[in-house]
Structures are given as C-alpha cells and as structure tokens.
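Visitor: For reference, the sequence and a predicted model appear below.
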Amino acid sequence: MWNKLKVSQDYKTLKDMKPTKCKVFCLDCSRSKMLFDTEKKAQTFIKFNGDEIKSQTGYCPTRTYYCVSCCGFHVTSKTDSSVIVSKTDIVLEKYREYKVVHDEKNRVNKEKQRLRKLEKKKLMM
Ligand SMILES: [Zn+2]
C-alpha cells in the first residue's frame, strides 16, 4: 500500500516537472537548449509555453527544427532559417569539400606515378 502511494507521488512530481528539465547542452549551438524527441512535442511545447516564455524572456519560440547534433528537435524564435544552419552540417560540408580535393590530389598523384613508370619503361627499352 505504501509502495503504491510512493509511486503515485513520484508520478505527480514527474508530471509537475518544469519543461526546463529536458534541457540539454547542445554542442551544435554551444548553449543549453530544450530538446524534444518529436517535432510534434516541440510544437506542442511552443503552443502551451510560448506566451509564458515571451513574458519571461521577451522573445517567443516560433518554430521547430531538427538538430543533428542532439538527434532531436529544438525550438527557436529565429525566423530566418539561414541563421540556424547547423554547425555540424557546416563541418560535414567542409569535410566533404576537403575530401573531394584530397581524392582528386590522390588521383592526380597516382596518374603521375603511373606516367613516370611508363617513362622509365620506355627508357629501358
Ligand atoms: Zn542540438
């Protein structure tokens, strides 16, 4: 009987938990952000807490976006989508560019080596 009571109390605290409890430190934007596992949850959060947040902080989260670093959804008050280009995406893009250049260099070097060998063979003949 006591056990049951405790469980229901825990459940109550769980339900009363402030949404700030699901804050995580986002490596992508280098600050703590709210994290939601689905877009719907993030949108529901905006719907029910947007006004309260606005009265506290002066800005209101208006949209949700997927964060590749946290593997979940954040809310943001920024409407300009270019502002929230993920840093992780930028790094990945840089890496891809680097790899293309690197691969091309490798290819050219191999081709040069191959040509040099051919030259040597010709000289020997
Ligand atoms: Zn994140």
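Guide: That came in fine, so what should we check first?

Visitor: For the chain, which segments count as helices?
Guide: 2-16, 39-57, 87-124 (DSSP state H).

Visitor: Outline the domain layout of the protein.
Guide: Residue ranges for each domain of the chain read 20-80, 86-125, as given by automatic domain parsing.

Visitor: Pick the most deeply packed of the ones you listed.
Guide: Highest mean neighbour count of the domains of the chain: domain 20-80, a mean of 15 (counted as mean count of other CB atoms under 10 Å). (Glycine included, C-beta is placed from N, CA and C.)

Visitor: anything in that domain near the ion?
Guide: Yes - judged by CB under 5 Å from the ion, domain 20-80 comes into contact with the ion at 26, 28, 67, 69-70.

Visitor: Any regions of the chain where pLDDT drops low?
Guide: Scanning the chain with the threshold set as pLDDT under 70 gives 1-21, 79-85.

Visitor: Return the distance of stretch 38-58 from the chain's centre.
Guide: Taking CA atoms, centre = their mean, to the nearest Å, one finds stretch 38-58 lying 20 Å from the centre of the chain it belongs to.

Visitor: which residues sit in contact with the residue nearest to R31 when sequence neighbours are not counted?
Guide: Leaving aside its sequence neighbours, R31 sits nearest to F25 (CB to CB, 6 or more residues apart in numbering; 7.3 Å). The contact partners of F25, by CB atoms under 8 Å, 6 or more residues apart in numbering, come to 31-33.
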